[in-house]
Every structure is written in C-alpha cells, then in structure tokens.
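Student: Quick one, fold the following:
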Amino acid sequence: MPGQSYTLDGALSTLGFGKSQGLALAYAGLGWLSEAMEIMILSFIGPVVKSEWGLSSAEESLITTVVFAGMLVGAYSWGFISDTYGRTKSFLGVAIVTTGAGFLSAFAPNYISLIILRCVVGFGLGGGHVYTSWFLEFIPTPKRGTWMVVFSTFWSVGTIFEAALAWIIMPRLGWRWLLVFSSIPCFALLLFYPLVPETPRYLYMRGRLGEAQTVLEKLATVNRTELPPGVLVFDQITDMDEEFVLSEDTQLINPLNKMQDSSGTRASLPLMLFSPQLIKTTFLFWFAYFGNTFSYYGVVLLTSELSSEESECHHATLLSQNSQDSSLYMDVFITTLAEFPGLVLSAIILDRVGRKKSMAIMLLLAIVLLLPLVSHQNEIMTTASLFGARMFSSATFTVTCIYVPEVYPTSMRSTGVGIATAIGRLGGMLCPLLVVGLVSGCHQTAAVILIEFIFVLLEICVLLFPFETKGKDLIDTVSYSK
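Tutor: Okay, here's the model as predicted:
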C-alpha cells in the first residue's frame, strides 16, 4: 500500500532465523574453522621443521611469532577495509591471502621463505574477525547470542579437525602435505564467494537502501517468507540531541547516517574510537581482548606444562614430546573437548541472564577453579582444575567476542573489533614468554597467580562495560554531537 514502510531491524525480525541465515552460518563458520586450523597447525610443524632443518629453539619459536605478528597488522587492516569497502570485499582478500600463502608454505625451500610465507598467512588470518561481524549482521535480535555461540563452536571443531588431520598425515606424508590439506577449507571460501551477499545492515548504514532492500528480498525468498509491506526506510529520529543521553542504555545511538560516504570520515574511523562517547569503551575492550587472550592461552600452556609426569620439578617442558607421538594429538583432543561444556553453558545463559552477567559469572568460576594450583596438586586435581578453568575462560572469551561487535556501531564495527583483536594478539605473544618461563623455572605458583591476577582485572573490566546488549537491536552509527 502507498506510504507504507519498514526498518531494517523490523525486516530482520520478520525474516527470523531461516535457511538464508543458516547458509550464512555455514559460510562464516567455515571461515572461522579455517582460521582455527591454520593456528593449530603451529603446534605440529614447528618441532618437525626444527629437526629436519637443524633449527635452534629461537628459530623454531619465530615460526609461531611471525604468524601472530602478521595477525596483529592484519586485524586492523582487514577491519578498516571491511568498514570502508564492505564486509565481503574484506574477507575475499582474507581468503585469497591466506589460501595463497598457506598453500605456498608447503613448497618453502628454506627457513627464510617459510618465515615470510607464514607471516603473510598471519596477515590473512588477522581478518578472521570480519566473519564474526558479517554473520552478526544477518541475525535477528531474538536468540542472537545463542546463534553467535553456535558460530563460535566452529573454532573448536577446526582445532579438533586439524589435530585429526595431523594425526593421519604427519606420520605418513610429512608436514608439507599437512600444510596443503589445511589450506583446503580456506580455498573452499573462494569457491563459494560469488554466492555471498553483502550484509543489508552495512548497505543500510551506507545509505544504499535500494541494494539493502534487494538483499532482504533475496533472503526472504530463500526463507520462504515475506518482508513487511512497503519500502525500506531509515529509523525515524525526532531529535538527535534528545536521544544522546549519557546513560548506560543510550551512550550509543542509531541516527540517520549523513556522513559515512565522505572520504574524510572513512580516514578518521580509528580516531572515532577515541571520541568522548567511545574512548572509555575502547580502552575497556582493548584490555578485555588482551586479558582474555593472555589468560586463555595461559591456561592452555599450563595444561601442557603440568599434565606430564616427566620433569625435574613435577612439570613438563613445552613441546617436549616428539610431534609424531600420538600422545601429542591425544592431548590436543582432550584439552579442546574441555571447551564444549563451556560453549553449551554460554548458549544456555547468554540470552537469559545477559552478556555482562554471563561473563562475570564464568570469570568467577574460572578464578575459583584455577586457585588450587597455587600450590602443587596431584594429577587428578591438577587436571580437574585446568580443564574447569579452560572451560570457563574459553566461554568468557567467546561471550566477549559476541558482546564487543554488538556494542560497536556498524559504521566502525570491524575497525573497532579489528584493533581490539590486534591488542589481544599482544597478549598471545607475551603469555608464552611469561607463563612458560615461570613454569619451566619451577615457579608454578607465580605463573598461576599471574593468570589469576589477569582474571581479576577482567572481572573488574566486565563490571565497567558500558551496557547490556541482550535483546537490543544493533546500532549503526555514533552521535557526533556533544
């Protein structure tokens, strides 16, 4: 009927979660799975390459370090490209770079070429967070948290799949073939790329309402449902200054986007994170990613360090087993399976009690479960404490990765998450130096206290987060007025 219209959030709610969202989940999940595989592969190729090429321990460590260094740069770069040129263009670049460099790594003739190619792989992997933003923008508000947890399970699946692949391939064909097979999921992303649409929310935020409506119509066709009658319009806002009230629920608003297509605005995206409305949130999120990355890998490394019986001070040395020993792959299976109960718990409580309360509860449980390891425990107690701490630290990290993209507006979502992810990579690079160094030096108590300290700071950080996003529509821009 003439004069009828609807908004984007109204359209997404009408569409619900149907076949089109399921296909988006499969594609984004494949991207998340491929990144997990490329990260997990570092656990297997380092020791073999060290033995084959006669590398020093420092040279072996550099194979991992350059990947994280590449990810640090890539996280920001791909986020900026995503917010400036579109989500799909960003992860097209991610897939091309990661697939190409990952495949060529298998043919590296020497150490230097392998280091360079793995650094390029890391640069590509740095854009993995774009898949999170892309999928998030297709999901209707109800049950959004649950579906994001389902998306997060692809990481754990990728980890287990890579361990299984290594178990089968490494003893028979060697590390080069493992690199080849591990690049196949990322290559599949390229094959299906022509079928992938830009998110209607991104198009909507850019003022390209016609294109956004076309995408929504295609989604409705796939879902076998109908959009609301009329045409897509911007949300109606009566008074921008009236809406911008400095309260917990309205620090970020959703006004008409009048500035997004200007080149000046695009160039200033990182600076917008330091606007008065966002600066506190930005620093909190930076520490959240740093702390979650540090504590998660800290618990993972403690599992490796303390689970073996071979040691001078009841501790194992990292990577002390031969990479072709089946117990290495079995350890990966067991420790990764510990994450699934945490994911299930997250899916159950996320849309019931909210993101902030979920993170606060699970951090508290992680703190309590890790606390017994301040002193030396028997094998059963050590295993139970580590697995419980990993379960809840992993679940907390998962919820953080859901909450942060929900808070940042569409206009800078990938840039904000990308920079936070890059800061998190610093935690991933720093953690092995401190935790492994302490445990290897027979300072288990100091290592555990360090991780507990980070957990406590994260708990405080969560309590200071700006507002709860449970049941709230995603926001598209931030107010530029005082």
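Student: Touching, residue 461 and residue 291? I think so.
Tutor: Yes - here residue 461 reaches residue 291: they are 6.8 Å apart, a contact under CB atoms under 8 Å. Heads up, the C-betas are built off the backbone N, CA and C, glycines and all.
Student: quick one: which of these two has more around it?
Tutor: In terms of neighbours (other CB atoms under 10 Å), residue 291 is the more surrounded of residue 461 and residue 291; the figures are 27 against 21.
Student: Check what pLDDT that one gets.
Tutor: Predicted confidence (pLDDT) for residue 291: 92.
Student: all strands of the protein, in order?
Tutor: 5-6, 231-232 (DSSP state E).
Student: which of the residues in stretch 21-40 are buried?
Tutor: 21, 23-25, 27-40 (16 or more other CB atoms under 10 Å).
Student: May I have that stretch exported as PDB, CA atoms only?
Tutor: Taking Å, rounded to 0.1, in the frame of the first residue of the first chain, the C-alpha atoms of stretch 21-40 are listed here in PDB:
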ATOM      1  CA  GLN A  21      20.800 -17.300   8.000                       C
ATOM      2  CA  GLY A  22      21.800 -21.000   8.200                       C
ATOM      3  CA  LEU A  23      23.800 -20.700   4.900                       C
ATOM      4  CA  ALA A  24      25.400 -17.500   6.300                       C
ATOM      5  CA  LEU A  25      26.300 -19.500   9.400                       C
ATOM      6  CA  ALA A  26      27.900 -22.300   7.300                       C
ATOM      7  CA  TYR A  27      30.000 -19.800   5.300                       C
ATOM      8  CA  ALA A  28      31.100 -17.700   8.200                       C
ATOM      9  CA  GLY A  29      31.700 -20.900  10.300                       C
ATOM     10  CA  LEU A  30      33.900 -22.300   7.500                       C
ATOM     11  CA  GLY A  31      36.000 -19.100   7.700                       C
ATOM     12  CA  TRP A  32      36.300 -19.500  11.500                       C
ATOM     13  CA  LEU A  33      37.100 -23.200  11.200                       C
ATOM     14  CA  SER A  34      39.900 -22.500   8.600                       C
ATOM     15  CA  GLU A  35      41.500 -19.900  10.800                       C
ATOM     16  CA  ALA A  36      41.500 -22.300  13.800                       C
ATOM     17  CA  MET A  37      43.200 -24.900  11.600                       C
ATOM     18  CA  GLU A  38      45.900 -22.500  10.500                       C
ATOM     19  CA  ILE A  39      46.600 -21.500  14.100                       C
ATOM     20  CA  MET A  40      46.500 -25.100  15.400                       C
END
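Student: Can you give me the neighbour number for residue 347?
Tutor: Residues near residue 347, counting by other CB under 10 Å: 20.
Student: cool, residue 165 as well?
Tutor: 20.
Student: contacting residues around it?
Tutor: For residue 165, the contact set (CB atoms under 8 Å, 6 or more residues apart in numbering) comprises 37, 178, 181, 182.
Student: What is the nearest of these to residue 146?
Tutor: residue 37 (24.8 Å; CB to CB).
Student: Relative to residue 290, how far out is the closest residue to the closest one other than its chain neighbours?
Tutor: In space, and not counting its chain neighbours, residue 37 is closest to residue 162: 4.3 Å by CB to CB, 6 or more residues apart in numbering. For residue 162, the distance to residue 290 (CB to CB, to the nearest Å) stands at 25 Å.
Student: who has more neighbours, these two?
Tutor: Higher neighbour count among residue 162 and residue 290: residue 162, with 28 against 24, using other CB under 10 Å.
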